[in-house]
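Novice: Here you go, sequence then predicted model.
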Amino acid sequence: MSRYIPNTYVQQKEMLEEMGFKDINELFDDVPGDIRFKGRLELPAAMSEIELVKHMQWVASQNKNLDEYICFLGAGAYDHYVPAVIKSLLSRQEFYTAYTPYQPEISQGTLQAIFEYQTMICELTGMDVANASMYDGATALAEAITMACRVTGRNQVIIPRTLHPESRQVVKTYAKFNDITVQEVGFEDGQTDFEGLYRMVSEGTAAVAVQNPNFFGVIEDIRQAAEIAHGKGALLIAYVDPISLGILKSPGELGADIVVGEGQSLGGALSFGGPYLGFFAARKDFLRKMPGRIAGQTWDSSGRRGFVLTVQTREQHIRREKATSNICSNQALNALAATIYLAAMGPEGLKKVGEHCIEKSHYAYEKLLETGRFSCCFKASFFKEFVLRSAVPIEKLNGKLLEDKIIGGYDLGASYPELAGTWLVAVTEKRTREEIDMFVRKARAI
Amino acid sequence: MREEKLIFEMGTKGRTAYSLPDLDVPRKGVENLIASEYLRETAPALPEVSEPEVVRHFTRLSQKNHGVDSGFYPLGSCTMKYNPKVNEYVSDISGFARVHPYQHEGTVQGCLRLMYEMDKMLSEITGMARVSLQPAAGAHGEMTGLMIIRAYHEHRGQKHRKKIIVPDSAHGTNPASAAMVGFEVVEVKSDEKGNVDIEELKSVAGEDTAGLMLTNPNTLGLFETNITKIADIIHSAGGLLYYDGANANAILGISRPGDMGFDVVHLNLHKTFSAPHGGGGPGAGPVGVKKELVPFLPVPVVELKDESYYLDYDRPLSIGKVKSFYGNFGVIAKAYAYILSMGQEGLKKASQTAVLNANYLMKKLKEYFHLPYDRTCKHEFVISAQRQKEKGVSALDIAKRLLDFGVHPPTIYFPLIVREAMMIEPTETETKEALNEFIEIMREIAEEAETEPEKVKGAPYSTVVGRLDEARAARNLVLRWKKEDK
Amino acid sequence: MNMEKGLKYSKDHEWVRVEGNVAYVGITNYAQLALGDIVFVELPEVGKLLKSGDVLGVVESVKAASDIYTPVSGKVVKVNEGLAGAPEEINRQPYESWIAAIELSDASELENLMDEEQYGRFCVKEG
């Protein structure tokens, strides 16, 4: 018997007898014989815990991990510091073994944490309302776009090519099944081509979505993007890295209508791409068109404050095919990690992380340029990532660095043919001067 | 337990819980590196608290939650089985948790291998040809599966197939997912035995049918005995069959969706395969398909060539990407560890035991509660509080009274076709003693409903808050804390 | 069943009060009881042209959302803004809480509606 199935054979027999059955198979008499599975599933035999742990450690050892390698790779997933309190608190079973808060009286922990999370997301983004989170940044963006189409009654969206290529792909998938046309606008010096954008925006445009800092790490002019969009009655969606918002102006201040983004940088593990955190916030006029769970404050009959899921008539369990989205959960544990992270960092800590990212990435940028092996690609300001043109093919560069236990930058040629031979390098607050110097030294030697 | 303040109402100016080294590169000054128009003038109003305060606050919040480890959690349709601790441990090994998704393929062979093997194992379990691990949740899997169905029809020049048939007992995500993929939803009724009404199905299936979405066992916990007939009707109309894996915990090793006639399947790794629910997520909703639908799966797919694994993006008919990167890898790793722990016999045993436990509870509880569909159930069943309702006690009241006994209530008011529904799913990880205790509690509440209905209607009494005023929450929306509220 | 005399009723549980060529539309007591605590009302835009049977607005309780269909065709000339801040008025006084006023484009449509007696019987049949 498996260690996770407590009832013994004897007990099961007793239970069956009490019900008037002889054999457990009688419980499956309603499964027609021709569709009953008769063979044995071709799966490995059960492993003991010792065997399992050994096996998993072996599989894991086939990967190079960032405890052993120094990471200068970003491109949408970042090696930021994760304070120890996060893992410790997330390991509390009451958080991670509970399900979604259907019964508010015994889910106040989850609900209050969501309420605090919503508040923090509003503070960072400058928006009025935030939901309890979405699957990841890309799906949050896709949902923002379908929402913008519902709000405006239009079905075209414009996305600059400076926005993450994978997120654009996800948007295109959602769009194609919703009769939404996605137009792309190019870039100039690493920033959205605003003249091109201005020409492209029309009365049919539902939204313009701009990433900031964009995929190249460059800081975009959100205010100008918002003005261009609003000029034709379109909405401006900002797709932002929340870790930058301790130091950069909130998109709300700059005129954004919906703000979404990837929240992995807020206390999330890299974990080979997931689970991550999509956050979603908007101006209050759009509340009833928003997807996802939302927690609100209320009271019980004795006047005690509590939290419940609210504005639920938007959701699938009530509206079915007319719902604002099919999502019926959130990334609760990742949202909790972000909440704990932001609580631990506070306004000062978050600002400091931003400063360190900016200072250290600029230090690395200049040191790499000084080697003479790299040349400048864009002149625009950047936050924690930058692009350099390399004399050596990127694949060779990264391959050699790997031998020195360094994970190099992202090969932009893979997603932008015109940028073949350019390298997107990320420097977070975790990188020390020593690591950066070694990285530069090794890169020069190739 | 006293009220826990919001974290914003705690602490004091200048307190922090972060620990960062001094800047070790020559400081240039942020204002010299970035134009001032981009820089924030007012800091976000984040909490200013110390580390001990952060830890106490979130520990206290956790104490206001009920988890699977706290006690019985028979929440129907959610499969709240025990979440093995070793899975948490192994998924957190640096070789998994500290791996960047864009690392060179040669440096992530372990992750790719795990995904490749998971694809194979889930294909075997469901009777499908290939499985994509990309969808992040059950509803996301539904959306992905329906996109595949639509892409398949369109590829065959059958653009006019715009209708998805959904039973009236279906979960709300089914119609909502269909709408997100641009389908129209057609509802079919259930018959008196709780099965899909075959005659009605025949009348709605036709040239415009794209497919049918079904859970089997259905949301009443009953096996669709006509499943092969249903499959024939849909297939001969030219449609495809979609298996909503919400209830897969009843059928592992017993009957495979692929053998039942389904063409597309999603599984919930956080239900059937023991990954924790996380308070609402993250989950994972892999989608499996039959051979002819494989070309439409999301990109990338993990392939094996010359003993090395790689990500295959060269799939021209693919629907594209539905999520960044490759799926919720951390969740997938936990489910992978679970399958290896259980082995093929263990999985079958899990389903058999889940079904046994559900039937045992159903048999005992029907003495005290109305059982609308009295036949052998699968892993869950639906009883009704309509008998208690005569005394004014509703399913909601019973649910709230259960809280006083330290039990998480069943799913209530679902499926919609049963009045005062209570959907109970014990799972295989409960002991006979726990089941008996639950029966005793339910008997006691049924008795209270007879003798002191007001007591049940006023419940709960022992929770940190009483019944919360949801109407007030919805009328006067307070969706965030504000500084001036301090 | 609490009803009001002189009003016209639809099978979707809306009531209509005619003043001149303007029809005030609200939801009946039966409808508000079925919905429970009403927490939100979505009002139409003034000036909107509607055909009978079109969606006029939405009333929401905590657990349900219900479309309101206009039983008469015409132009929306006024909406009851007061309901935006106090949707519970519909629970309190369903027959005072009109949702929108519609300038009738086809007064003959009123003949298809029920009087209070017919509506009372209709509600009994609905259960």
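Specialist: Perfect, I can see it now. In this text, all values refer to a predicted model and were calculated from it rather than measured experimentally.
Novice: helices or strands up against the helix or strand of chain C with the lowest mean pLDDT?
Specialist: Taking mean pLDDT, DSSP states H and E as the measure, the helix or strand of chain C with the lowest value is helix C:116-126, at a mean of 89. When contacts are defined as 3 or more CB pairs under 8 Å, 6 or more residues apart in numbering or on different chains; DSSP states H and E, helix C:116-126 packs onto strand C:8-9. Placement of C-beta: from N, CA and C, glycine included.
Novice: residues making contact with the very next helix or strand once past the strand it packs on?
Specialist: Sequence-wise, the next helix or strand downstream of strand C:8-9 (DSSP states H and E) is strand C:14-19. Contacts to strand C:14-19, defined as CB atoms under 8 Å, 6 or more residues apart in numbering or on different chains, come from residues C:4, C:6-10, C:23-28, C:31, C:68-72, C:94-95, C:98, C:104, C:110, C:113.
Novice: Show me what counts as buried in stretch A:52-72.
Specialist: Going by neighbour count (16 or more other CB atoms under 10 Å in any protein chain shown), the buried part of stretch A:52-72 is A:52-53, A:55-56, A:59-60, A:62-66, A:69-72.
Novice: picking that back up, excluding its own residues, what touches the least confident helix or strand of chain C? List them.
Specialist: C:Met1, C:Met3, C:Glu4, C:Lys5, C:Leu7, C:Tyr9, C:Lys11, C:Thr28, C:Tyr30, C:Met114.
Novice: rerun that using 10 Å as the cut-off
Specialist: For helix C:116-126, contacts defined as CB atoms under 10 Å, 6 or more residues apart in numbering or on different chains pick out C:1-11, C:13, C:15, C:28-31, C:34, C:113-114.
Novice: Pull out the buried residues from the residues you listed.
Specialist: C:3, C:7-10, C:13, C:15, C:28-31, C:113-114.
Novice: Serialize those to JSON lines and add fields for pLDDT.
Specialist: Shown next, in JSON lines, are these (pLDDT from 0 to 100):
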{"residue": "C:Met3", "pLDDT": "67"}
{"residue": "C:Leu7", "pLDDT": "92"}
{"residue": "C:Lys8", "pLDDT": "94"}
{"residue": "C:Tyr9", "pLDDT": "95"}
{"residue": "C:Ser10", "pLDDT": "94"}
{"residue": "C:His13", "pLDDT": "94"}
{"residue": "C:Trp15", "pLDDT": "95"}
{"residue": "C:Thr28", "pLDDT": "94"}
{"residue": "C:Asn29", "pLDDT": "93"}
{"residue": "C:Tyr30", "pLDDT": "92"}
{"residue": "C:Ala31", "pLDDT": "92"}
{"residue": "C:Leu113", "pLDDT": "93"}
{"residue": "C:Met114", "pLDDT": "94"}
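Novice: which two from these end up farthest apart in space?
Specialist: C:Asn29 and C:Leu113 (16.4 Å; CB to CB).
Novice: can you list the residues of chain C near chain B?
Specialist: Counting by CB under 10 Å from any CB of the partner chain, chain C comes close to chain B at C:36-40, C:60-63, C:85-88, C:91.
Novice: about what we covered before: for chain B, tell me which of the buried residues of stretch A:52-72 show up nearby.
Specialist: When contact is defined as CB under 10 Å from any CB, the buried residues of stretch A:52-72 meet chain B at A:52-53, A:55-56, A:59-60, A:62-66, A:69, A:71.
Novice: Helices - which of the residues you listed land there?
Specialist: A:Leu52, A:Val53, A:His55, A:Met56, A:Val59, A:Ala60 (DSSP state H).
Novice: wait, which of the residues you listed is closest to chain B?
Specialist: If you rank those by distance to chain B using CB to the nearest CB, A:Ala60 comes first, at 2.6 Å.
Novice: isn't that closest one right up against B:Tyr89?
Specialist: No: here A:Ala60 lies out of contact with B:Tyr89, judged by CB atoms under 10 Å, at a distance of 11.5 Å.
Novice: For A:Leu248, list the residues it contacts.
Specialist: A:124, A:212-213, A:219, A:222, A:240-241, A:254, A:354, A:358, A:383, B:34, B:38-40.
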